[in-house]
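Novice: Quick one, what's the 3D model for this:
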Amino acid sequence: MWETIRGYLTFTRKERFGVLFLLILICVLFVLPYFFRPSVGQSDQAAYEKTKEGILKFESRETDSLIKTAVHDRYQNQKKIVTVGNADSPSSFIHSELFYFDPNGLNISEWRRLGLPDRLIHTIQHYIEKGGRFRKPEDLKKLYGLRNSDYHRLLPYVRITNSPGNFQTGPGNYTKTSNNIQTVKNDDSFSSLSRLNSGRDFVHTVKKFIVTDINFADSADWLRLPGIGEKLASRIVHFREKLGGFYQLDQVGETFGLPDSSFQKIKPFLRMNSVSLNKIDLNSATKEILQSHPYIRWQLSKAILEYREQHGGFHSVDELLQLAQVDTGKFERLKPYLVAEVK
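Specialist: Below is the predicted model of the structure:
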């Protein structure tokens, strides 16, 4: 074995000469470029100075151009027109103007005169149409998409008027009655407000919603409540059917996809005049019936079936507490839906 390994580690005479030749060739190729380096010739100092002077002139012109552009932009951004002439005249057209304005009453063209992009203008108009208002100049900063530079540029010119006869009813429009009474259209589902000219007297018109019985209302009844759409109405009815009826108002808030804020909004209009629950018999209910109940599901239904097989059935609903999957809180919530009929 040693002889075999030794045969791989030794070289013949020809192999040694070949390795030596390759090492010499590599050294020659490595040193050869130093003997054939091209000559750079004599340096032309006059041409160098001329090239350097041209570069300096080009950089000087570029710097001057940047300074002029910055000054021009600054002048345009700070340009202010107090008296606006004919906007159709080309001589009076200005890309960005600054003037005193009330953000609650500007129309699209006036926002454009302030130099704001169309996308931001549509966002502002949508906000106002939905009943939003700017109550102080600093509220401009809440606008999504408004650059910080535009905010500081416009802030000194904001003048918000709170005059009772000068409230906005639409984008860019103001409405006054003969008695200087202004009606405010509000998207809020609860109320719409009309303010009188005295500044103190108010006329409140509260939108009335139908009081809904949670155990008998259908999808159409739920749709009449604020903040409830078709999907939520359908989910509430489906959840009630799965439970077998509601025995508490707060159970409506357990509906999947119903935010707590929406539930608190509709809660004052909910009533429970009567309770009629569909009960589940622990001794005869099938696995499918147990699993379909929102308070039982798969794990607890399996434990109920195993207990029923081992003990021959439930003698009372309270025996459910002997299961490891049921604590006191869960038992109290589930108890109204259960019976244990002994055969």
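Novice: and Ser149, how many neighbours?
Specialist: 9 (other Cβ atoms under 10 Å). All C-beta atoms are positioned from the backbone trio N, CA, C, and that covers glycine.
Novice: quick one: which helix or strand includes it?
Specialist: helix 148-154 (DSSP states H and E).
Novice: Please apply the same query to Phe11.
Specialist: Using DSSP H and E, Phe11 sits in no helix or strand.
Novice: Now it, what are its backbone angles?
Specialist: phi -120, psi 150 (degrees, to the nearest 10).
Novice: Quick check: the spatially closest residue to it that is not a sequence neighbour vs Thr10, distance?
Specialist: The shortest distance from Phe11 to any non-neighbouring residue, by Cβ to Cβ, 6 or more residues apart in numbering, is to Val19 (7.3 Å). Separation of Val19 from Thr10 (Cβ to Cβ, to the nearest Å): 13 Å.
Novice: Give me the more crowded residue out of these two.
Specialist: Val19 (11 against 8).
Novice: So what's the gap between the host helix or strand of His126 and the chain middle?
Specialist: Per DSSP H and E: His126 is located in helix 118-129. Counting by Cα atoms, centre = their mean, to the nearest Å, helix 118-129 is centred 17 Å from the centre of its parent chain.
Novice: who does that helix touch, helix- and strand-wise?
Specialist: Secondary-structure packing of helix 118-129 (3 or more Cβ pairs under 8 Å, 6 or more residues apart in numbering; DSSP states H and E): helix 108-113.
Novice: Buried ones in the helix it packs on, by neighbour count?
Specialist: Glu110, Trp111, Arg112, Arg113 (16 or more other Cβ atoms under 10 Å).
Novice: Pull up the per-residue confidence for the third one.
Specialist: Arg112 is assigned a pLDDT of 86 by the prediction.
Novice: quick one: contacts for the residue nearest to it when sequence neighbours are not counted?
Specialist: Sequence neighbours aside, Ile121 is the residue nearest to Arg112 in space, at 6.7 Å (criterion: Cβ to Cβ, 6+ apart). For Ile121, the contact set (Cβ atoms under 8 Å, 6 or more residues apart in numbering) comprises Ile108, Trp111, Arg112.
Novice: returning to that earlier point: just the CA trace of the helix holding Ser149, in PDB.
Specialist: What follows is helix 148-154, C-alpha atoms only, in PDB (Å, rounded to 0.1, in the frame of the first residue of the first chain):
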ATOM      1  CA  ASN A 148     -43.800  70.400   4.300                       C
ATOM      2  CA  SER A 149     -42.500  73.300   2.100                       C
ATOM      3  CA  ASP A 150     -46.000  73.900   0.800                       C
ATOM      4  CA  TYR A 151     -47.500  73.900   4.300                       C
ATOM      5  CA  HIS A 152     -45.000  76.500   5.600                       C
ATOM      6  CA  ARG A 153     -45.600  78.600   2.400                       C
ATOM      7  CA  LEU A 154     -49.400  78.600   2.700                       C
END
